[in-house]
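1. Generate a structure from the sequence data that follows.
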Amino acid sequence: MTQKDDFSLQDFLPFLLNRAAEDSSLEFQSHYKNRYGMLRNEWRVLFHLGTYGQMTAKDIGQRAKIHKTKISRAVAKLAERRFVSRSRDEKDRRSEHLRLTPAGEAAYRDLRSQAESYDAELAARFTPDEVALLRSMLRKLAGIEEPFAQSWEQG
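-> Residues are numbered from 1 along each chain as shown. The predicted model follows:
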């Protein structure tokens with residue numbers, strides 16, 4: 001005799017978060033992969049440099065929660081495409097300062113525009129109050145501080 005299991009996988013928060021993240025991420029992937037041949041970590045590195053300016057791989061890893069070897073591969077690919085320039089830190093020769101080149105900035109602006117459109121498309125499924133609540137709850141789960149102003153609105 002089998003016992004009825006009352007656990008609902010469809011309501012399990014980690015399952016729902018993963019499913020929503022994977023589905024939305026794969027849909028957005030078509031923009032950066034088809035247009036620039038980038039992989040997920042490459043666009044994440046590009047976006048961190050585009051958003052925050054010059055950074056080290058360590059800085060990106062801490063902010064994006066990406067392992068250093070994956071960042072290293074992404075930086076190498078972006079540098080190969082001439083989207084990222086690297087310069088040694090004079091104080092710590094093991095560290096490199098990364099920044100977008102003009103081509104990288106152009107790709108970032110283009111993909112940022114695509115990201116803004118995609119974000120609006122996702123947000124349109126909800127009321128403005130639901131979107132604000134969802135963003136707030138996801139930031140809380142991710143341990144990300146509330147922004148002073150929406151980054152999409154800063155132009």
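2. can you count the residues close to Ser30?
-> 11 (other Cβ atoms under 10 Å). Every residue, glycine included, has its C-beta placed from N, CA and C.
3. Now name the helix or strand holding the residue nearest to Val84 when sequence neighbours are not counted.
-> Excluding the flanking residues, the one nearest Val84 by Cβ to Cβ, 6 or more residues apart in numbering is Leu78, at 4.1 Å. Using DSSP states H and E, Leu78 maps to helix 68-80.
4. Report the buried residues of that helix.
-> 70-72, 74-75, 77-79 (16 or more other Cβ atoms under 10 Å).
5. Given the helix or strand following that helix, what are its sheet partners and their directions?
-> The helix or strand immediately downstream of helix 68-80 is strand 84-88, counting by DSSP H and E. Note on strand 84-88: by DSSP bridges, its sheet partners are strand 96-100 (antiparallel).
6. Sketch out the low-pLDDT regions of this structure for me.
-> By pLDDT under 70, the weakly predicted segments of the chain are 1-2, 93, 148-155.
7. Need the nearest residue in space to the residue nearest to the spatial centre of it, chain neighbours excluded.
-> Most central in the chain under Cα atoms, centre = their mean is Arg44, positioned 4.4 Å from the mean C-alpha point. Of all residues not flanking Arg44 in the chain, Ala64 sits nearest, at 5.3 Å (Cβ to Cβ, 6+ apart).
8. dump the residue contacts of that neighbour.
-> Residues near Ala64 by Cβ atoms under 8 Å, 6 or more residues apart in numbering: 44-45, 48, 71.
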